[in-house]
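Enquirer: Got a predicted structure here, sequence first:
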Amino acid sequence: MKLSVDYLMEALEKLGDMSQNKKAEKLGVTGPGLSQYLSGKKIMDDYACIMVADVLGIDGMKIIAAAQLEREKNQARKDVWENLLKKMGALGLAGVMAGAMMVISPRSDAAVMKTQYVDSQNMTS
């Protein structure tokens with residue numbers, strides 16, 4: 001499973017060629033705060049998680065859950081966050097598969113309508 005810092009590094013890469021302080025500003029954190037997140041001294045707070053998710057174009061809850069899993073000490077609570085992440089991953093995969101099936105579908109609406117028209121013409125002949 002991805003760690004919150006993995007998402008952060010991905011967002012920093014996506015922000016492109018700008019100073020670390022500018023990137024921190026875009027994410028709504030301080031330069032030193034960003035350094036602490038990257039070094040593992042601190043785990044991102046929920047606000048930072050949402051800002052990173054916004055840059056990546058993903059659901060912020062995914063990064064929040066990863067951060068909560070990392071900071072949690074109680075195993076039962078860790079299990080809850082891990083389960084949520086697994087469910088979110090499964091939902092994401094299901095969405096991708098559904099989208100792919102719609103794109104790959106061999107029968108478009110126009111093809112279905114044409115088939116129905118031809119069938120109705122054959123019935124009246």
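Expert: Alright, I've got the coordinates. Numbers count the residues shown, from 1 in each chain.

Enquirer: residues near K62, how many?
Expert: The number of residues packed near K62 is 20, by other C-beta atoms under 10 Å. Backbone N, C-alpha and C define where each C-beta goes, glycine included.

Enquirer: mind listing what's buried in the host helix or strand of it?
Expert: K62 belongs to helix 60-71 when assigned by DSSP states H and E. Buried residues in helix 60-71, counted by 16 or more other C-beta atoms under 10 Å: G60, M61, K62, I63, I64, A65, A66, A67, Q68, L69, E70.

Enquirer: ok, now which ones touch G31?
Expert: Contacts of G31 were listed using C-beta atoms under 8 Å, 6 or more residues apart in numbering, and they are Q20, N21, A24.

Enquirer: and those, which are buried?
Expert: Buried among the contacts of G31 by 16+ other C-beta under 10 Å: A24.

Enquirer: mind listing which of the contacts of G31 are in helices?
Expert: Q20, N21, A24 (DSSP state H).
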